[in-house]
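In: Quick one, structure for this:
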Amino acid sequence: VQLAESGGGLVQAGGSLRLSCAASGRSFGSHDMGWFRQAPGKGLEWVSAITSGGGSTYYADSVKGRFTASRDNAKNTLYLQMNSLKPEDTAVYYCAKDRGSYSYDYWGQGTQVTVSS
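Out: As a prediction, this is how the structure comes out:
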């Protein structure tokens with residue numbers, strides 16, 4: 001499985017971005033997926049998770065109500081819609097495949113999101 005994020009960039013506070021994560025392979029729709037981020041000088045932070053069919057989503061308290069995870073299994077693509085962005089959302093964002101029990105085994109290369117105040 002290969003994962004490739006895109007859609008990052010520079011945005012003003014209050015703005016929106018939509019990240020995409022394109023997956024290779026035919027088993028994408030069989031796996032739960034997650035989004036993570038790493039801010040400068042900080043550790044990796046879990047952001048969101050979505051079940052294989054997209055029917056359930058979960059969010060960190062820091063992004064709840066502002067971010068929405070979704071997926072299109074026909075296109076092998078995972079999305080993260082980010083609204084009302086804050087400077088503290090500045091980070092490299094990664095998508096990852098859940099191999100079970102929230103243990104992630106495949107990661108994308110990351111996409112930079114920078115929110116200016």
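In: residues in contact with the spatially most central residue of the chain?
Out: Note on the chain: the residue nearest the mean C-alpha position is residue 35, at 3.2 Å, using CA atoms, centre = their mean. Residue 35 makes contact with 19, 21, 46-49, 67, 69, 78, 80, 93-96, according to CB atoms under 8 Å, 6 or more residues apart in numbering. C-beta coordinates here come from the backbone N, C-alpha and C atoms, glycine included.
In: beta partners of it?
Out: Counting by DSSP bridges, residue 35 is bridged to residue 48, residue 95.
In: Find me the pLDDT at it, would you?
Out: Per-residue pLDDT puts residue 35 at 98.
In: distance of it from residue 16?
Out: Using CB to CB, to the nearest Å, we find residue 35 at a distance of 15 Å from residue 16.
In: In its sheet, which strands sit next to the helix or strand of the chain with the lowest mean pLDDT, and in what direction?
Out: Least confident helix or strand of the chain, by mean pLDDT, DSSP states H and E, is strand 104-107 with a mean of 95. Sheet pairing of strand 104-107 (DSSP bridges) gives strand 91-98 (antiparallel).
In: for the strand it pairs with, the distance to its chain's centre please.
Out: A distance of 5 Å separates the centroid of the chain from that of strand 91-98, by CA atoms, centre = their mean, to the nearest Å.
In: which residues are contacting it?
Out: Strand 91-98 has contacts (CB under 8 Å, 6+ apart) with 1, 3, 5, 8, 19, 21, 23, 31-40, 42, 44-45, 47, 49, 78, 80, 104-113.
In: where does the chain dip in pLDDT?
Out: Along the chain, no part satisfies pLDDT under 70.
In: Let me see the ranges of the strands in it.
Out: Secondary structure of the chain (DSSP state E): strands located at 3-6, 9-12, 17-23, 33-38, 44-50, 57-59, 67-72, 77-82, 91-98, 104-107, 111-116.
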